[in-house]
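In: Sequence and predicted structure below; questions after.
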Amino acid sequence: MSRPTHIHLVRHGLVDNPRKVVYGRLPRFRLARRGIAQARQSAVYLKSRPVNAPFSSPLLRTRQSAREILNLIQLKRIGISQLITEVHSPFEGRPTAKVDALKGDVYAHTDAQFEHPQDVLARTLRFFKRSVNRYRGRHIVAVTHGDIIVFAYLWALDRVPDPDYKGRLDSLGIPSGYPAHGSVTSFAFQNNSQAHLPAVRYWEPAGTTHKQSPV
């Protein structure tokens, strides 16, 4: 039997966001000092895995997190993938309090130019398929964003990508209710195939605040 292919989705570290806005795909949002520490914690967790292929979304906070991971596991190149970038939402630049009031649902009542959960999941699954086909039996690390992880996690549990789960995933194995900064969600594809749903595991850094805001 061939070895399973593992894809580890890492949520970037905490972002320096003193104005408390939804940064989304906006540029120049860097990791806070605590966010750098969280990325390093995820690196320690991943160090024992034989990682062959590191990827990141193109945004600054994920690239910074990926560099912290690569520094520890001694890999040099990061593959950049638009498939795992932040969701396209009309809330960018608006106060996080507005999204918190909606319980993180940035998808309701948006028009066709913005993404919906099914769109986010579809591109994430394209990333999974490409990775499984190219890196069979290996470990892939991809630094990405919270909603990418949420919808992939629900898919692996054979549930619909419903934003109503955001902030309420504690009953499904994510204690914070939403993927914590620096957390690692690991998908194991048996027989290198997406014909069956992968096994999934979740880990988060020590000292994670419960609950997390689903923004």
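Out: Sure thing, it's come through.
In: The longest helix anywhere in the chain: which residues count as buried?
Out: For the chain, the helix with the greatest residue count under DSSP state H is helix 117-134. Neighbour-count burial for helix 117-134, counted by 16 or more other C-beta atoms under 10 Å, picks out 117, 119, 120, 121, 123, 124, 127, 128, 131, 132. Every residue, glycine included, has its C-beta placed from N, CA and C.
In: Equivalent analysis for stretch 31-40, please.
Out: Applying 16+ other C-beta under 10 Å to stretch 31-40 flags 31, 32, 35, 36, 37, 38, 39, 40 as buried.
In: ok, and what's touching it?
Out: Stretch 31-40 is contacted from outside by 10, 12-17, 61, 64-65, 68-69, 72, 180-182, 205, using C-beta atoms under 8 Å, 6 or more residues apart in numbering.
In: Stretch 70-82 too?
Out: Under C-beta under 8 Å, 6+ apart, the answer for stretch 70-82 is 40, 43-44, 46-47, 51, 53-58, 63, 66-67, 127, 142.
In: all helices of this structure, in order?
Out: 33-46, 60-73, 96-101, 117-134, 146-156.
In: follow-up on the earlier one: in the buried residues of stretch 31-40, find the pair that's most separated.
Out: 32 and 40 (13.0 Å; C-beta to C-beta).
In: coming back round to it: dump the buried residues of helix 117-134 into TSV; add pLDDT as well.
Out: Shown next, in TSV, are the buried residues of helix 117-134 (pLDDT from 0 to 100):
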residue	pLDDT
117	97
119	96
120	98
121	98
123	98
124	98
127	98
128	97
131	96
132	94
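In: any idea which of the residues you listed is the one closest to residue 171?
Out: residue 117 (18.8 Å).
In: quick one: contacts for that closest one?
Out: 107, 147, 151, 161, 162, 163.
In: Buried ones among those residues?
Out: 107, 147, 151, 161, 163.
In: Out of these, which is nearest to residue 170?
Out: residue 163 (16.0 Å).
In: So what's the predicted local confidence for the closest one?
Out: On the pLDDT scale, residue 163 is placed at 96.
In: Please look at it and residue 107 and confirm they touch.
Out: Yes. Counting by C-beta atoms under 8 Å, residue 163 touches residue 107, with 5.5 Å between them.
In: What separation is there between residue 47 and residue 147?
Out: Separation of residue 47 from residue 147 (C-beta to C-beta, to the nearest Å) stands at 27 Å.
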